[in-house]
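> Dropping a prediction and its sequence here:
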Amino acid sequence: AGVANLSAFIAAASKISEEHEALAYEHLVMMMAHYHLTNHRLRELSPDRPGGRPHMEAITEDNQLLYFLVQDLIYWNENTARRLEAIPARARQAGTDNWQLITSGSVTEDATSRLRELRFALAQHYTY
């Protein structure tokens, strides 16, 4: 309740065609709902962006950009860099200089180091 643009999640999930993708989106929505109920309430979801694994951006009521990502292991490569290096600019466009990656999986040491350079807060192994 109280989260704007919930249709962004439906638009993203409607593109799936496999059962394993459906389960990943179910996991994603449960992560977001748990965060909303137990941490900082979500204010709005951002429109779906391309990027592979099930993911969703949200802005919290205290004006933090969250990037939820369902992925077992995050390692730094060209795709990861392209996807995550764009987050700080989008956060600033949204009027915040706080952003966080919340993932159900693990992040390698190299990726953690790169994320720190980009000033990400990081939550690994996030469950509900």
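Thanks, I have the structure now.

> How far away from the center of its chain is stretch 29-38?
Averaging C-alpha positions (Cα atoms, centre = their mean, to the nearest Å) puts stretch 29-38 12 Å from its chain's average.

> What residues of that stretch count as buried?
29, 31-32, 35-36 (16 or more other Cβ atoms under 10 Å). No exception for glycine: its C-beta is placed from N, CA and C like everyone else's.

> ok, now stretch 108-121?
Counting neighbours by 16+ other Cβ under 10 Å, stretch 108-121 gives 111-112, 114-115, 120 as buried.

> Helix, strand or coil: sort out Met56 for me.
Three-state assignment for Met56 (DSSP: H, G, I helix; E, B strand; the rest coil): strand.

> so who does the nearest residue to it once chain neighbours are set aside touch?
Spatially, and ignoring its direct neighbours in sequence, Met56 is nearest to Phe68 (5.0 Å; Cβ to Cβ, 6 or more residues apart in numbering). Listed by Cβ atoms under 8 Å, 6 or more residues apart in numbering, the contact set of Phe68 reads 28, 31-32, 35, 55-58, 102-103.
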